[in-house]
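Visitor: Model the following, please.
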Amino acid sequence: MISQKKLTSIVGTHNVISDQVNLRQYSHDMSFVHAVTPACIVKPGTALEIGKIVDLARKNRIPLVPVSSGFPHFRGDTVPTTGYSVIVDLTRMKNIIHVDREARSVMFEPGVTFGELIPAVTRAGLRLNMPLLPRKTKSVVGSLLEREPVVMPQYQWDIADPLNCVEIYYGTGDLFRTGAAAGPGTIAEQWAVGGAQVEAAGPSSASWYRIIQGSQGTMGIVTWASARCEILPQLEQAFFIGSSDLSKLIEMIHWLVRLRIANECFLLNGTNLAAIMSKRTAGFHQTKNTLPKWILFYSVAGYDYLPEERVNGQAADAVDIAQRLGLQPVPAIGDIPATEFLKLAQHPSPEPYWKLRPAGAFQDLFFITIHDRISGIIDTMIQANEKLGYPTPDMGVYIQPLVQGSNIHCEFNFFYDPADRVQADRVRQLTVNTVDQLMTAGAFFSRPYGEITSRVMNRDAATVNTLRKVKTILDPDNIMNPGKLCF
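Guide: Coordinates of the predicted model:
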């Protein structure tokens, strides 16, 4: 066991927590991962304190589980795998270190949430390329490290975007900076000569951020990250397109992104749009009944120069594409104005978190695929629903083009009543036992969590072997979130 007295000497008495109420809160989340109670919780406030915690853990062979987002948690990656683990809760680290409009970049610590970062970049005339309505307690660093899909695909040039650089303590105890932040010189010295931490690749020819992203805290603990921002528009217009024909909407997305017309651009089914727009369960069912089966949402934007001309031209181009496909963009769908939805999509979800509104609990099943495979994958999922008795109309679907439309994030959301064991077991079976079928249909699970991880990893022994070699270099004592992924 790690000495709580030594932890207290690093972070102070009030930042080492070991009462049973708090330990139970960190012992589980809303996934189906088995609960394990940690030994204690430590809340560092600086990068130096993180380094001391890692060194202490190495000497005592104590597992560390990094947590940067507030409650609730959903994916099982922050649940310990052993009872003598220490939770490293980074939510005290709230500094927004640097906002650089010229470089379109912002640097911030892991405890900063979307709700805290958005006002800071807005004051500088910037905005974040962010996921779809993250929960209010979601850490921006956590979202970047998890490669959560962002809603403006035309500004995503690499699957890692908008992440730029990070500073990280590896499991060896070494402090490391990636990309342009690696040097020469300190960060302050780089700023003094006009340097900006925007280039993600490096140092040298290695792309270290690719090892850190998606690792679920198994390589080290990030102390800050920098992210690419976009210029805040002067003028925006938003539109919905509703249809029962998914293939037409997928084609519409393809052209909107390929021709760089749309900013925000994604597709939802009626279930998910109703969940986002309703404030409670009763409103969800009422709203869902008024919506089409599939809804494409997109926006066009004008910036500092000729904003009205740009918006009008892009809106007209989008109408031309839609008409060729037999579709019609509209400013509202049901009782939902597109402008209101745009404002909503540019901020964190209001409480309660939108995925909790339909039934009180949910599980996500998400992966990457290509345009041509979407329809077949959805048919595969519908067949699995019918086999296990889950009502397909209750399933949410979110389709998000990525990296300028070169591939697509597809996400199924299974809403259920957490008090109903039959429902919960059915959802668990759906999210675990259909993975092989979906992979056969063309799904690539680039971010596996919880129970599905072994099914995904077992498909590629060579990659697993390589990951384990990297792990032995960066975390030779296996103290960083052991038991996750293939470690």
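
Visitor: From here on, just use CA atoms for contacts and neighbour counts.
Guide: OK.

Visitor: May I ask which helix or strand encompasses the spatially most central residue of the chain?
Guide: The centre of the chain sits closest to Glu148, judged by Cα atoms, centre = their mean, with a distance of 2.7 Å. Using DSSP states H and E, Glu148 sits within no helix or strand.

Visitor: Can you give me every residue that contacts it?
Guide: Pro131 (Cα atoms under 8 Å, 6 or more residues apart in numbering).

Visitor: cool, the one 10 residues further on as well?
Guide: The contact partners of Asp158, taken as Cα under 8 Å, 6+ apart, are Val403.

Visitor: Checking it next. Helix, strand or coil?
Guide: The three-state label given to Asp158 by DSSP: H, G, I helix; E, B strand; the rest coil is coil.

Visitor: quick one: contacts of stretch 320-327?
Guide: With Cα under 8 Å, 6+ apart, stretch 320-327 has contacts from 241-243, 248, 252, 255, 328-329.

Visitor: a markdown table for those residues, including distance to Ser69 and secondary structure?
Guide: Below are the contacts of stretch 320-327 laid out as a markdown table (distance: Cα to Cα, whole Å; DSSP: H, G, I helix; E, B strand; the rest coil):
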| residue | distance to Ser69 | secondary structure |
| --- | --- | --- |
| Ile241 | 34 | strand |
| Gly242 | 35 | strand |
| Ser243 | 37 | strand |
| Lys248 | 38 | helix |
| Met252 | 35 | helix |
| Trp255 | 36 | helix |
| Gln328 | 40 | coil |
| Pro329 | 37 | coil |
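
Visitor: quick one: Leu246 and Trp294 touch, right?
Guide: Yes - assessed by Cα atoms under 8 Å, Leu246 is found in contact with Trp294 at 6.6 Å.

Visitor: More neighbours: the two, which one.
Guide: Applying other Cα atoms under 10 Å to Leu246 and Trp294 shows that Trp294 carries more neighbours, namely 22 against 18.

Visitor: need the contact list for the more buried one.
Guide: 242-246, 267-270.

Visitor: Now with 10 Å, please.
Guide: For Trp294, the contact set (Cα atoms under 10 Å, 6 or more residues apart in numbering) comprises 241-246, 249, 267-273, 397-398.

Visitor: and those, which of them are in strands?
Guide: Counting by DSSP state E, the contacts of Trp294 place 241-243, 267-269, 397-398 in strands.

Visitor: what residue ranges in the protein score low on pLDDT?
Guide: 1, 281-282 (pLDDT under 70).

Visitor: Have a look at it and report its longest strand.
Guide: Max-length strand for the chain by DSSP E is strand 220-231.

Visitor: CA atoms only: put that strand into CSV for me.
Guide: Provided in CSV are the C-alpha atoms of strand 220-231 (Å, rounded to 0.1, in the frame of the first residue of the first chain):
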residue,chain,number,x,y,z
GLY,A,220,1.3,8.6,-18.5
ILE,A,221,-0.5,11.7,-17.0
VAL,A,222,-0.9,14.8,-19.2
THR,A,223,-0.3,18.1,-17.3
TRP,A,224,-1.4,20.4,-20.1
ALA,A,225,-2.4,20.3,-23.8
SER,A,226,-2.7,22.8,-26.6
ALA,A,227,-5.5,22.7,-29.1
ARG,A,228,-6.2,24.2,-32.5
CYS,A,229,-9.0,26.8,-32.5
GLU,A,230,-11.0,28.4,-35.4
ILE,A,231,-11.9,32.0,-36.1
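
Visitor: Describe which strands it pairs with in its sheet and in which direction.
Guide: Sheet pairing of strand 220-231 (DSSP bridges) gives strand 105-108 (antiparallel), strand 126-128 (antiparallel), strand 163-170 (antiparallel).

Visitor: And the next helix or strand past the shortest one?
Guide: Next along the chain after strand 126-128, taking DSSP H and E as the criterion, comes helix 140-145.

Visitor: Run through the neighbouring helices and strands of that next one.
Guide: strand 105-108, helix 114-123, strand 163-170, helix 208-212, strand 220-231 (3 or more Cα pairs under 10 Å, 6 or more residues apart in numbering; DSSP states H and E).

Visitor: Pull out the buried residues from it.
Guide: 140-145 (16 or more other Cα atoms under 10 Å).

Visitor: What of stretch 150-162?
Guide: 150-156, 159-162.

Visitor: How about stretch 164-176?
Guide: Those would be 164-173, 175-176, for stretch 164-176 by 16+ other Cα under 10 Å.

Visitor: can you map out the strands along the stretch 351-487 of the chain?
Guide: 361-369, 395-402, 407-416 (DSSP state E, counting those that start in this stretch).

Visitor: and of those, who's closest to Asp89?
Guide: Distance to Asp89, taken as Cα to Cα, is lowest for strand 361-369 among those, at 23.8 Å.

Visitor: can I get the CA coordinates of that closest one in PDB?
Guide: Provided in PDB are the C-alpha atoms of strand 361-369 (Å, rounded to 0.1, in the frame of the first residue of the first chain):
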ATOM      1  CA  ALA A 361     -29.000   5.500 -18.400                       C
ATOM      2  CA  PHE A 362     -27.400   4.600 -21.700                       C
ATOM      3  CA  GLN A 363     -24.500   2.700 -23.400                       C
ATOM      4  CA  ASP A 364     -22.700   3.800 -26.500                       C
ATOM      5  CA  LEU A 365     -21.300   1.600 -29.200                       C
ATOM      6  CA  PHE A 366     -19.100   3.600 -31.600                       C
ATOM      7  CA  PHE A 367     -16.600   3.100 -34.400                       C
ATOM      8  CA  ILE A 368     -15.200   4.500 -37.600                       C
ATOM      9  CA  THR A 369     -16.200   3.400 -41.100                       C
END
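
Visitor: Show me what that strand is packed up against.
Guide: Using 3+ Cα pairs under 10 Å, 6+ apart, strand 361-369 sits against strand 395-402, strand 407-416, helix 421-433, helix 435-441.

Visitor: out of the ones you listed, deepest packed?
Guide: strand 395-402 (a mean of 24; mean count of other Cα atoms under 10 Å).

Visitor: need the strands for the stretch 1-150 of the chain, in chain order.
Guide: Under DSSP E, counting those that start in this stretch, the stretch 1-150 of the chain gives strands at 16-17, 40-42, 64-67, 86-89, 96-100, 105-108, 126-128.

Visitor: want to throw these into TSV with distance to Glu308 and mean neighbour count?
Guide: TSV is the format used below for these (distance: least, Cα to Cα, whole Å; neighbours: other Cα atoms under 10 Å):
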stretch	distance to Glu308	mean neighbour count
strand 16-17	55	20
strand 40-42	52	24
strand 64-67	44	26
strand 86-89	46	26
strand 96-100	27	17
strand 105-108	26	24
strand 126-128	19	24
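
Visitor: export the helices and strands packed on strand 361-369 to CSV and tack on distance to Leu117?
Guide: Formatted as CSV, the helices and strands packed on strand 361-369 follow (distance: least, Cα to Cα, whole Å):
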stretch, distance to Leu117
strand 395-402, 23
strand 407-416, 25
helix 421-433, 33
helix 435-441, 35
